[in-house]
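Trainee: got a structure for you, letters missing:
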């Protein structure tokens, strides 16, 4: 039941992100150009290190990847849908006040950075690529997070079962001890009764011994 609730929360979180994920166009400074046109997308939930590793993988798949002073680039990228001319991609991660990581992409087409207004057809090609990347990234992060939470849940459930077994064992020991106590109390009572009878027998026998001893003395 707990696991189903956890899975539902993860699904709702990801569905909510998918519906709200959007690319924003804004000026951003890259190493090759200040105030260049860029496209940013927010990546909620995930850690910066995870996002960066996935970004590297993306850019390596596009072209020759380089990294310098927090900036990632993919040089001489060739995509059939983007035309015959290769282009360069630059990307940086930034963290907002709400601790959500954003990725800023800059596409240097050669003399101009990609913009929705000046390159509408190419923008239509790159926008879904960015959204798909962001959606896939956050989905993988949440899936990994779910696995970790499942491990914790499984361990907690195992601990609970161990505690229950320990409780049953202790209760069984108490039950056995109580039976043993009852048995010992019964034997103690019987022992006291037997001691009383033995004392009477000892006193009687002592009298007999003295009587016989006296007979022996009288013969002398």
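Mentor: Ah, there it is. Quantities reported herein were computed from a predicted structural model and do not represent experimental measurements. Residues are numbered from 1 along each chain as shown.
Trainee: longest strand of this protein?
Mentor: Among all segments of the chain classified by DSSP state E, the strand with the greatest residue count is strand 33-43.
Trainee: pull out the buried positions in that one.
Mentor: Of the residues in strand 33-43, those buried under the neighbour-count criterion (16 or more other C-beta atoms under 10 Å) are 36, 37, 38, 39, 40, 41, 42, 43. C-betas here are computed from N, CA, C, even on glycine.
Trainee: same check, this time on stretch 79-88
Mentor: Across stretch 79-88, burial judged by 16+ other C-beta under 10 Å covers 82, 87, 88.
Trainee: point out where the protein drops to low pLDDT.
Mentor: Within the chain, the stretches with pLDDT under 70 are 1-21.
Trainee: any idea how far the residue nearest the centre of it lies from residue 54?
Mentor: Centrality entry for the chain: nearest residue to the mean C-alpha point is residue 148, 2.7 Å, by C-alpha atoms, centre = their mean. Taken as C-beta to C-beta, to the nearest Å, the spacing of residue 148 relative to residue 54 amounts to 18 Å.
Trainee: got the contact list for residue 92?
Mentor: Contacts were defined as C-beta atoms under 8 Å, 6 or more residues apart in numbering; by that measure residue 92 touches 28, 30, 70, 71, 72, 103, 104.
Trainee: quick one: the strands in this protein?
Mentor: Assigned by DSSP E, the strands in the chain fall at 24-30, 33-43, 64-68, 71-77, 87-95, 101-108.
Trainee: paired strands for the second one, with orientation please.
Mentor: Think strand 33-43. Sheet pairing here is set by DSSP bridges, and for strand 33-43 it gives strand 24-30 (antiparallel), strand 101-108 (antiparallel).
Trainee: what angle do that strand and strand 87-95 make?
Mentor: Put simply, strand 33-43 runs at 60 degrees to strand 87-95, going by axes from the mean of the first three to the mean of the last three C-alpha atoms, to 10 degrees.
Trainee: re earlier: tell me the most buried of the strands of the chain?
Mentor: Between the strands of the chain, the one whose residues have the most neighbours on average, counting mean count of other C-beta atoms under 10 Å, is strand 101-108 (a mean of 22).
Trainee: relative to strand 71-77, how tilted is it?
Mentor: Angular relation of strand 101-108 and strand 71-77 on a 0 to 180 degree scale: 30 degrees, by the same axes, to 10 degrees.
Trainee: please renumber so the chain begins at 55
Mentor: Done: numbering now begins at 55, and the last item shifts to strand 155-162.
Trainee: how far out from the middle of the chain is strand 155-162?
Mentor: Centroid separation for strand 155-162 versus its chain: 30 Å, with C-alpha atoms, centre = their mean, to the nearest Å.
Trainee: again, but for stretch 224-234
Mentor: 40 Å.
Trainee: ok, and what's touching that stretch?
Mentor: Counting by C-beta under 8 Å, 6+ apart, no residue outside stretch 224-234 touches it.
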